[in-house]
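>>> Quick one: sequence and predicted model below, then my questions.
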Amino acid sequence: MKRVSIIALALALAGGAAAPAFADGETIAVLTKNQTNPFFQAERVGAAKAAAAMHAKVLQYVPTQPDSIPEQMSQIDDIVTKKPDAIVMVPVDYKAMVAGVQKINAAKIPVVNVTDRSAGGDFVAFVGADDYSIAKSTAEVLLKAIGGKGDVIIIEGVRGAATAQDRLRGFKDAIAEFPNVKLVDSQPANYQRLQAMQVMENLLQSNPNVAGVMAANDAMAIGAMDALADANSKAKIVGINGTKEAVDAIKAGKMLATGDYNGFVQGCIGTEIAIRYLRHEPVPSKVTQPSVVVQASNLGPYDVPVDKRECPAWDQIQKN
Amino acid sequence: MTAASSEARAARPTLPPELIRLLLRLAAVLIVGVALSLLSGAFLTVVNLVNVLRQAALLFFMSSGLTLVVITAGLDLSVGATIGLAACIAGTAIKSTGDPWIGVAAALAVGAAVGLLNGMMVSLLRIPSFIATYGMLWVLQGVTYTFMAGATVYGFPHGFRELGNGYFFGMPIPVLVMAALLVVGTLFAQRSIWGQQITMIGANPTAARLSGVPVRRRLILVYTLSGLAAGFASLVFLARLNSAEADIGGSLTLPAIAAVLIGGTSLFGGVGTLTGTFVGTLLLTLVLNGMNLLHVEGNWQPLVTGVIIVAAVWLDLRGSRARS
């Protein structure tokens, strides 16, 4: 009996100590799409940094099979029973995961949607970048650099993926702005480096005088870059994602530019919104990052490994 | 292919049936090649043909070991994942030590170890190869993703990159290695006692065991060779791409299996050649090359590839039935 009351006393003390004027030590579950894309790794690091700065904890949930719908669905079942204070979520599929979001809504756990916008469900906020405008502004940098004329080639991502479609549309709309630029071919390489290299090798046979190549991600841009170098082609090349590897290639003068899709910052902002919401502070309902195209002239901040970067200050974030 | 049928055929002088099948398959490649050169002026150039051979070489390294596995009526679904892990470990080793040979040793060791484990699961634990190697695929992916944590290793020494990019007497080094592997592999599979024992295991495992073939040891050997081939392939990939990321092998396994089957190796075991697999890799690579040269729209490419795979295997089966 005595022991029970001591435990009760200890619990009461501990509870009292952990409940100051504003809450602290909240648990935020962070759901991302896969362990293979450096983008989501950067996003997880951003989330962890933002949480650490605000004395909260993150629990990372990543499907073992990349972008697996059933795995993320069962992770949500798990999360709903564990009841973290809030959730930051990249749906592996923006349509198929709506059912999962509804489970979270039913459990009344606040959730912030980052990167890929869910087709349904209730969210505290959406934080993302716009694939279409990133692709368009990256392509414009390339098209200006080749003097607004000549043959260009597009290397596409996975046919059927929303990101690949939006990026392709952005590339094509940029090309339409330059009447003297001719799109000679547009072929998929499924976001894979080897496929991009081989597709580029093949396409160079029928288009040896290509002036510019736009690839829907950096891995493909660098695969194509190697094929172009083998063939002594002077074509300029751009990619998307702002990876460290692409930044290094830009620094070495082998690649022209990469569209910034800054996963790190998305992770930061999404997590910060979740925590501020829990602490009853005002939060924006939508944050769209401005498109930045990383080139030799502005690569400074990107030449830093992700784990050494700092989250942007709250008042610097563009809210809309 | 039985003794009776070859005796019957010996009545009039003919080429060995295996050679006829090979020539027919080469004729199929030739037909595709002629069609492509009529359709696109860019096809029949030295540079393009050299490109096709180098692209085929990458596929052949994986498919070579896999051919032996399929001859034993098995399947190795883990080759792509083995390449992923071996490439990531070798790449990291080269980056951190600066010594390419450590990377070479690491990739071959990873490949052989994975193959050995596959072989032991199949022969000692008697797990169907489809399941054993499918499980292995998941295990390897998990290990690779954890090991790499979303990072990419890139930028290897020039000397090492020659393995993927270099030329020797005007021929890409991977193509020359492929030629050597094709000769040595064919001698092993067709002419050596071990090779014949492997074919016997695929044709009739009970008969093989009763006639004194050490079935378990040969099976372990076959899966180890498949892993070793994947480990070697990972080195050529590393040297060619100058980088490795965790999902490098993800999309490689099915084309490798397709090349083996197009090449006339039977999933039921006991039948198959490395020369056939070589032709299979060539045909598959030509199709992809041709679709790029002919500007085939992205949405249609998987469909075209699928139809050609099925048609090639069907024609091959029809051809061998007609002759027997």
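Right, received. Where do you want to start?
>>> can you list the residues of the stretch 201-324 of chain B near chain A?
Counting by Cβ under 8 Å from any Cβ of the partner chain, the residues of the stretch 201-324 of chain B close to chain A are B:237, B:240-243, B:245-248, B:250-251, B:288-289, B:292-293, B:295, B:298-299, B:301. For the C-beta atoms, the positions are set from N, CA and C on the backbone; glycine is no exception.
>>> can you give me the helices for the stretch 1-150 of chain A?
For the stretch 1-150 of chain A, the helices defined by DSSP state H, counting those that start in this stretch occupy A:2-17, A:38-53, A:69-82, A:98-106, A:131-145.
>>> Select, out of those helices, the one closest to B:A149.
B:A149 sits nearest to helix A:38-53 of all the helices of the stretch 1-150 of chain A, at 6.2 Å, using Cβ to Cβ.
>>> So that closest one, near chain B or not?
Yes: judged by Cβ under 8 Å from any Cβ, helix A:38-53 and chain B are in contact via A:P38, A:F40, A:Q41, A:A42, A:R44.
>>> how close does A:G212 get to chain B?
18 Å (Cβ to the nearest Cβ, to the nearest Å).
>>> My read is that A:A246 contacts A:D218, right?
Yes: counting by Cβ atoms under 8 Å, A:D218 is a contact partner of A:A246 at 4.0 Å.
>>> Quick check: neighbours shared by the two?
A:G239, A:T258 (Cβ atoms under 8 Å, 6 or more residues apart in numbering or on different chains).
>>> Not counting sequence-adjacent ones, nearest residue to B:N118?
Take B:N118 and drop its neighbours on the chain: the residue closest to it by Cβ to Cβ, 6 or more residues apart in numbering or on different chains is B:Y223, 4.2 Å away.
>>> per-residue confidence for the one you found?
Per-residue confidence at B:Y223 stands at 97 (pLDDT).
>>> Which parts of the stretch 151-300 of chain B are strands?
B:152-154, B:167-168, B:171-172, B:243-245 (DSSP state E, counting those that start in this stretch).
>>> right, and those strands - which one's nearest A:Y61?
It's strand B:243-245; of those, that one is closest to A:Y61 (Cβ to Cβ) at 21.4 Å.
>>> where does chain A dip in pLDDT?
The model of chain A has pLDDT under 70 over residues A:1-23, A:318-320.
>>> residues in it within reach of chain B, list them.
Residues of chain A found near chain B (Cβ under 8 Å from any Cβ) are A:35-38, A:40-42, A:44, A:64-66, A:156, A:159, A:185-188, A:190, A:192-195, A:197-199, A:201-203, A:205-206, A:219, A:222-223, A:226, A:230-231, A:243-245, A:248.
>>> In helices, which of those residues appear?
The helices, defined by DSSP state H, take in A:38, A:40-42, A:44, A:193-195, A:197-199, A:201-203, A:205-206, A:219, A:222-223, A:226, A:230, A:244-245, A:248 from those.
>>> Tell me, how many residues neighbour residue 203?
Reading this off chain A. A:L203 is flanked by 24 other residues according to other Cβ atoms under 10 Å in any protein chain shown.
>>> that's the wrong chain, I meant chain B
18.
>>> Tell me where the stretch 151-300 of chain A has strands.
A:181-188, A:212-215, A:236-240, A:257-259, A:286-288, A:293-295.
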